[in-house]
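Novice: dropping a prediction and its sequence here:
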Amino acid sequence: MSLAERQDTIDSDALVWDGGNGSVSDYIALLKPRVMSLVIFTAFVGMMLAPGQIHPVLAAVALLCIAIGAGASGALNMWYDADIDEVMSRTKKRPIPAGKVSREEAFAFGMTLSLGSVVTLGLLVNWFAGAFLAFTIFFYVIVYTMWLKRSTPQNIVIGGAAGAFPPMIGWAAVTGNVSLESFILFLIIFMWTPPHFWALALFKNGDYKAAGIPMMPVVAGEDSTRNQILAYSIVLAPLSVAPYFLGFAGVFYGLASAGLGAVFLALAANVWRLREGEPARKATVRLFTYSIFYLFMLFAILLAESLVGGL
């Protein structure tokens, strides 16, 4: 084959192949780095609160595997949801709908990272933690993304478990098992998820309608969603104080979590009370924004107390 014929073949292949143009930043975006950062943080807190010791190198390996597993879940989520991502204003600039990464590439990327993170965590740390990570990826991709998200308004309630597992995986990386304490950390995130995401869904309601996703405001209406936001917040506020009463958090955490929970409850009550117009929209935005700060502060105080106690 002549040089000219080879060039023609290359040019012809380039016309057919629609992937391979993604940059490093595009592949990082597939990992949902903002979600990953929360996963790393809560998993780290779970590790620090767990009884027993783990070598610092193994702790770093465990956190890296948990982070990569979370990123793999994000990539597989974007692979499956590419059709609805291109409809929603919040997601249409993601790498796949933007044409920067093909669905096939995202799938291969996500599967490779999933397998690598689970096997590495199992081999180098312990297989209980590895199996837990595998179950979390399965739950997020299969149970939430492929099944619940498009079929029920309870998608966030049940599917939120996937985002609540990381502190339990971190705990398991140290101890090789789970406990009541790690389950309480799970419950805090699990009960936080519905009011957090339903606040987002209230002011992004049009997006979810356009994409055909049965989020609570779309299916049950905004008034019902506000009622449920308040109900979950009433449970969440006292639940967040449970680590103090169970003895694995100090007085400072007890007082701070009570205060933070009272503010959360007040903002949720505002969302419930203000049901129309710009004041209602601002109330949902305030709750959504504060909810991120709220969860971060709870786990940051737990971490700080653990570090001070260790010193």
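Specialist: Yep, it's here.
Novice: could you list the residues in contact with stretch 80-90?
Specialist: 78, 91-92, 94, 96-97, 103, 106, 141, 145-146, 149, 204, 207-208, 210-213 (CB atoms under 8 Å, 6 or more residues apart in numbering). Every residue, glycine included, has its C-beta placed from N, CA and C.
Novice: what do you get if the cut-off is 7 Å, keeping everything else the same?
Specialist: 78, 91-92, 94, 96-97, 103, 145-146, 204, 207, 210-211, 213 (CB atoms under 7 Å, 6 or more residues apart in numbering).
Novice: how about it: buried residues?
Specialist: Of the residues in stretch 80-90, Tyr80, Asp81, Ala82, Ile84, Asp85, Glu86, Val87, Met88 count as buried by neighbour count, 16 or more other CB atoms under 10 Å.
Novice: would you mind checking the contacts of stretch 80-90 for buried ones?
Specialist: For the contacts of stretch 80-90, buried by 16+ other CB under 10 Å: Met78, Thr91, Arg94, Ile96, Pro97, Thr145, Lys204, Asp207, Ala211, Ile213.
Novice: which two in those residues are spaced the farthest apart?
Specialist: Ile96 and Lys204 (19.5 Å; CB to CB).
Novice: let me see the contact set for Glu305.
Specialist: Ala249, Gly250, Phe252, Tyr253.
Novice: that one sits in which helix or strand?
Specialist: helix 277-310 (DSSP states H and E).
Novice: show me what counts as buried in that helix.
Specialist: 280, 283-284, 287-288, 290-291, 294-295, 298-299, 301-306.
Novice: burial check on Thr225, number of neighbours?
Specialist: If you count neighbours by other CB atoms under 10 Å, Thr225 ends up with 26.
Novice: need the three-state assignment for it.
Specialist: helix (DSSP: H, G, I helix; E, B strand; the rest coil).
Novice: ok, now how distant is it from Leu307?
Specialist: 39 Å (CB to CB, to the nearest Å).
Novice: also Val61?
Specialist: For Val61 relative to Leu307 (CB to CB), the value is 21 Å.
Novice: cool, Gly160 as well?
Specialist: Gly160 is 28 Å from Leu307, by CB to CB.
Novice: brilliant, that's me finished.
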